[in-house]
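> here's a sequence, model it:
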Amino acid sequence: QVQLVESGGGLVQAGDSLRLSCAASGRTFRQFAMGWFRQAPGKEREFVAAISWTGRRTAYYIDSVKGRFTISRDNAKATMYLQMNSLKPEDTAVYYCAAVYANYDDIPRPEEYDYWGQGTQVTVST
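Residues are numbered from 1 along each chain as shown. So this is what the prediction gives:
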(Lines give C-alpha, C1' and ligand atoms only; values in the text may rest on other atoms or scores of the structure.)
Protein backbone atom coordinates (compact mmCIF):
# COMPACT_ATOMS: atom_id res chain seq x y z
CA GLN A 1 0.00 0.00 0.00
CA VAL A 2 1.03 3.55 -0.71
CA GLN A 3 -0.66 6.53 0.87
CA LEU A 4 -0.54 9.78 -1.08
CA VAL A 5 -1.28 13.27 0.23
CA GLU A 6 -1.35 16.30 -2.04
CA SER A 7 -0.75 19.86 -0.91
CA GLY A 8 0.01 23.26 -2.36
CA GLY A 9 -3.23 24.09 -4.09
CA GLY A 10 -4.99 27.39 -3.67
CA LEU A 11 -6.56 30.43 -5.27
CA VAL A 12 -4.24 32.44 -7.50
CA GLN A 13 -4.50 34.95 -10.30
CA ALA A 14 -3.78 34.26 -13.93
CA GLY A 15 -0.04 34.39 -14.54
CA ASP A 16 0.86 33.28 -11.03
CA SER A 17 2.71 30.11 -10.08
CA LEU A 18 2.00 27.26 -7.71
CA ARG A 19 3.95 24.19 -6.70
CA LEU A 20 1.96 21.12 -5.82
CA SER A 21 3.46 18.42 -3.66
CA CYS A 22 2.52 14.78 -3.26
CA ALA A 23 3.92 13.12 -0.17
CA ALA A 24 4.00 9.34 -0.17
CA SER A 25 4.20 6.87 2.67
CA GLY A 26 4.02 3.13 2.90
CA ARG A 27 5.90 1.06 0.40
CA THR A 28 9.20 2.13 -1.09
CA PHE A 29 8.43 5.30 -2.96
CA ARG A 30 11.24 4.94 -5.42
CA GLN A 31 9.72 1.81 -6.94
CA PHE A 32 6.65 3.69 -8.10
CA ALA A 33 6.06 5.70 -11.21
CA MET A 34 4.04 8.77 -10.34
CA GLY A 35 1.61 10.97 -12.15
CA TRP A 36 -0.56 14.05 -11.86
CA PHE A 37 -4.14 14.10 -13.03
CA ARG A 38 -6.70 16.86 -12.90
CA GLN A 39 -10.44 17.13 -13.11
CA ALA A 40 -12.36 20.32 -13.73
CA PRO A 41 -16.05 20.64 -12.85
CA GLY A 42 -18.21 18.88 -15.41
CA LYS A 43 -15.21 17.51 -17.29
CA GLU A 44 -13.46 14.19 -17.50
CA ARG A 45 -10.27 13.56 -15.62
CA GLU A 46 -7.14 14.46 -17.59
CA PHE A 47 -3.70 12.94 -17.35
CA VAL A 48 -1.38 15.88 -16.87
CA ALA A 49 2.14 14.52 -16.42
CA ALA A 50 4.07 11.48 -15.30
CA ILE A 51 7.54 10.65 -14.06
CA SER A 52 9.35 7.33 -13.86
CA TRP A 53 10.58 6.15 -10.50
CA THR A 54 14.16 6.90 -11.47
CA GLY A 55 13.14 10.44 -12.36
CA ARG A 56 14.95 10.13 -15.67
CA ARG A 57 11.84 10.07 -17.79
CA THR A 58 8.97 12.51 -17.76
CA ALA A 59 5.97 12.94 -19.99
CA TYR A 60 3.32 15.63 -20.43
CA TYR A 61 -0.06 14.83 -21.89
CA ILE A 62 -1.80 18.16 -22.26
CA ASP A 63 -0.43 20.46 -24.93
CA SER A 64 -1.45 23.59 -23.06
CA VAL A 65 0.72 22.76 -20.05
CA LYS A 66 3.88 21.93 -21.98
CA GLY A 67 6.48 24.53 -21.22
CA ARG A 68 4.53 25.81 -18.21
CA PHE A 69 4.34 22.76 -15.91
CA THR A 70 7.27 20.72 -14.67
CA ILE A 71 7.01 17.40 -12.89
CA SER A 72 9.79 16.25 -10.59
CA ARG A 73 10.40 13.99 -7.63
CA ASP A 74 12.71 13.64 -4.67
CA ASN A 75 12.94 9.99 -3.77
CA ALA A 76 14.86 10.72 -0.58
CA LYS A 77 11.89 12.79 0.61
CA ALA A 78 9.30 10.45 -0.94
CA THR A 79 7.70 13.46 -2.57
CA MET A 80 6.65 14.37 -6.08
CA TYR A 81 6.11 17.91 -7.30
CA LEU A 82 4.29 19.76 -10.03
CA GLN A 83 5.62 23.25 -10.65
CA MET A 84 2.95 25.24 -12.44
CA ASN A 85 3.90 28.57 -13.97
CA SER A 86 1.94 31.11 -15.96
CA LEU A 87 -1.31 29.66 -14.68
CA LYS A 88 -4.45 30.17 -16.72
CA PRO A 89 -8.11 30.04 -15.70
CA GLU A 90 -8.46 26.82 -17.71
CA ASP A 91 -5.99 25.18 -15.32
CA THR A 92 -8.64 25.38 -12.61
CA ALA A 93 -9.30 21.85 -11.39
CA VAL A 94 -8.79 19.41 -8.59
CA TYR A 95 -5.32 17.96 -9.01
CA TYR A 96 -4.67 14.39 -7.97
CA CYS A 97 -1.44 12.51 -7.64
CA ALA A 98 -1.29 8.83 -8.41
CA ALA A 99 1.22 6.01 -8.20
CA VAL A 100 1.81 2.61 -9.70
CA TYR A 101 4.56 0.07 -9.21
CA ALA A 102 6.79 0.21 -12.28
CA ASN A 103 10.20 -0.66 -13.64
CA TYR A 104 13.01 1.86 -13.75
CA ASP A 105 12.13 4.28 -16.52
CA ASP A 106 8.70 3.03 -17.44
CA ILE A 107 5.89 5.54 -17.82
CA PRO A 108 2.66 3.58 -17.30
CA ARG A 109 -0.57 4.30 -19.10
CA PRO A 110 -3.08 6.44 -17.20
CA GLU A 111 -5.42 3.51 -16.58
CA GLU A 112 -2.67 1.58 -14.81
CA TYR A 113 -2.37 3.82 -11.75
CA ASP A 114 -3.35 2.01 -8.56
CA TYR A 115 -2.99 4.51 -5.74
CA TRP A 116 -4.55 7.93 -5.52
CA GLY A 117 -4.47 10.94 -3.28
CA GLN A 118 -7.49 12.92 -2.14
CA GLY A 119 -6.79 15.84 -4.43
CA THR A 120 -5.96 19.50 -3.99
CA GLN A 121 -7.99 22.34 -5.48
CA VAL A 122 -6.32 24.80 -7.81
CA THR A 123 -8.37 27.84 -8.77
CA VAL A 124 -7.03 30.42 -11.18
CA SER A 125 -8.93 33.68 -11.43
CA THR A 126 -8.79 36.16 -14.30
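> when you work out contacts or count neighbours from here on, use the C-alpha atoms and nothing else.
Noted.
> other SSEs contacting the helix or strand hosting residue 98?
Per DSSP states H and E: residue 98 is located in strand 93-101. Under the contact definition 3 or more C-alpha pairs under 8 Å, 6 or more residues apart in numbering; DSSP states H and E, strand 93-101 sits against strand 2-7, strand 32-39, strand 115-116, strand 120-125.
> do I have it right that residue 86 meets residue 16?
Yes. With contact defined as C-alpha atoms under 8 Å, residue 86 counts as touching residue 16 (5.5 Å).
> could you measure from residue 94 over to residue 38?
Distance of residue 94 to residue 38, given as C-alpha to C-alpha, to the nearest Å: 5 Å.
> who's more crowded, these two?
residue 38 (22 against 18; other C-alpha atoms under 10 Å).
> okay, and the beta partners of residue 13?
On the basis of DSSP bridges, residue 13 is bridged to residue 125.
> how near is the closest residue to residue 99 other than its chain neighbours to residue 68?
Using C-alpha to C-alpha, 6 or more residues apart in numbering and skipping residues adjacent in sequence, the residue nearest residue 99 is residue 34, 4.5 Å away. For residue 34, the distance to residue 68 equals 19 Å [C-alpha to C-alpha].
> can you tell me which residue sits nearest the middle of the protein?
In the chain, the residue lying closest to the centroid (C-alpha atoms, centre = their mean) is residue 36, at 2.4 Å.
> the helices and strands packed on strand 93-101 into TSV, with extra columns for mean pLDDT and distance to residue 81?
Compiled in TSV, those are given as follows (pLDDT from 0 to 100; distance: least, C-alpha to C-alpha, whole Å):
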stretch	mean pLDDT	distance to residue 81
strand 2-7	96	9
strand 32-39	97	9
strand 115-116	96	15
strand 120-125	98	13
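> winner for burial among the ones you listed?
strand 32-39 (a mean of 25; mean count of other C-alpha atoms under 10 Å).
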